[in-house]
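**Q** just a sequence and a predicted model for now, questions to come.
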Amino acid sequence: MSAPRFYLDQPLAPGARFSLPPGPARHATRALRLAVDDVITLFNGRGGEYAARIERIHKDEVAVSITGFVDIECESRLRVVLAQGISSGERMDYTLQKAVELGVAAIQPIAAKRSIVKLAGERAIQASGCRHLIFRTSWVYGARGSNFLLTMRRLMRERPELKIVADQVGAPTWCRDLAEATAQVLSQVVSPMPAANKAEPWGIYHMTNAGETSWHGFAQAIQALDASDEVRAPARLLPIPSSDYPTPAKRPLNSRLNNDRLEQSFGLRLQDWRAALALCLEANNKRPQ
């Protein structure tokens, strides 16, 4: 398995020592779970790559030293086309930014509403015979757009009591973790392929934050971490069955996904959903209002 690759917008040279920027550092420790003495690859898009060793980790600070330069082909032998579901706000912006940085040749937006349409899209891609990567995820949320996190934060301020489904289980997944993990996968497949044959990475992967909870448990965690309104009494969160909350599309009781193949193929495992939620709320609270 190749070393994890990180794009840095700064000069790089053998012997240099520095700390990774906050984003890559957080991904190295929380998503990739790298440790001291692990080897990573750094590149800045100006030709070549640099092997680096992790010297120190303190909380989210990752200090590295560049051990050598690797001269590689500038152009990938693969023409990667990213088929990306259309999303709102920072989800789409961040994913497209990382895709461009990593050399994706083309981006094909896909409009999908419900699982039946998404399954048809998956089957069409598989039937085309192209080399492809399909990432299945669940319960995606973020600091912008329209999603469960923002809806709950608003309703908890507006209403004294909320009834929330408690018999559907899944893994809340932060859009930023999803985008960063997707970028890491693309960085590995876009790299020039080694001469030796290796297992083809193409196919379907599950990609969610670790752990599981119900919608009711997700709401409880949001309320516990959201201290934006300390004056008003917290809303009562009442658990209810799915039968008490009918929706146009029937939702499965079990939305849990097994992410083992993602870890085995690319060395990636996203952080626990609770840690991701805390970081999302922290980042959102730091944004100018």
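**A** Arrived safely. What you see is a predicted model; the values in this text were computed from it and never measured. Residues are numbered from 1 along each chain as shown.

**Q** what about the closest residue to Arg236 other than its chain neighbours, distance to Pro234?
**A** Nearest residue to Arg236, sequence neighbours excluded (Cβ to Cβ, 6 or more residues apart in numbering): Glu161, at 4.5 Å. Every residue, glycine included, has its C-beta placed from N, CA and C. Glu161 sits 11 Å away from Pro234, going by Cβ to Cβ, to the nearest Å.

**Q** before we move on, back to that, tell me who's in contact with the residue nearest to Arg236.
**A** Ala235, Arg236, Leu238 (Cβ atoms under 8 Å, 6 or more residues apart in numbering).

**Q** same check, this time on Thr208
**A** Contacts of Thr208 by Cβ under 8 Å, 6+ apart are Thr137, Ser138, Trp139, Gly170, Ala171, Thr173, Leu257, Asn259, Leu270, Trp273.

**Q** could you redo the last one with a cut-off of 7 Å?
**A** Contact partners of Thr208, counting by Cβ atoms under 7 Å, 6 or more residues apart in numbering, are Thr137, Ser138, Ala171, Thr173, Leu257, Asn259, Leu270.

**Q** and the pLDDT for it?
**A** pLDDT recorded at Thr208 is 95.

**Q** ok, now Leu42?
**A** 89.

**Q** pLDDT on stretch 22-29, on average?
**A** For stretch 22-29, mean pLDDT rounds to 84.

**Q** then stretch 216-232?
**A** Mean predicted lDDT for stretch 216-232 stands at 79.

**Q** just stretch 282-289 next, same as before
**A** pLDDT averaged over stretch 282-289 gives 65.

**Q** and His27, how many neighbours?
**A** 25 (other Cβ atoms under 10 Å).

**Q** in JSON lines: the contacts of Glu161, plus secondary structure, pLDDT and neighbour count.
**A** Shown next, in JSON lines, are the contacts of Glu161 (DSSP: H, G, I helix; E, B strand; the rest coil; pLDDT from 0 to 100; neighbours: other Cβ atoms under 10 Å):
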{"residue": "Ala235", "secondary structure": "coil", "pLDDT": "88", "neighbour count": "17"}
{"residue": "Arg236", "secondary structure": "strand", "pLDDT": "92", "neighbour count": "11"}
{"residue": "Leu238", "secondary structure": "strand", "pLDDT": "94", "neighbour count": "12"}
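
**Q** list just the nearest of those residues to Val70.
**A** Distance to Val70, by Cβ to Cβ, is smallest for Ala235 among those, at 55.0 Å.

**Q** is it true that that closest one touches Lys163?
**A** No - counting by Cβ atoms under 7 Å, Ala235 stays clear of Lys163, with 10.6 Å between them.

**Q** show me what the helix or strand harbouring Gly68 is packed up against.
**A** Following DSSP states H and E, one finds Gly68 within strand 61-70. Where contact means 3 or more Cβ pairs under 7 Å, 6 or more residues apart in numbering; DSSP states H and E, strand 61-70 is packed against strand 17-19, strand 49-58.

**Q** need the winner for burial among the ones you listed.
**A** Comparing the helices and strands packed on strand 61-70 by mean neighbour count (mean count of other Cβ atoms under 10 Å), strand 49-58 comes out on top with a mean of 16.

**Q** could I get the average pLDDT for it?
**A** 93.

**Q** ok, residues contacting that strand?
**A** With Cβ under 7 Å, 6+ apart, strand 49-58 has contacts from 12, 29, 34, 36-43, 62-70, 72.
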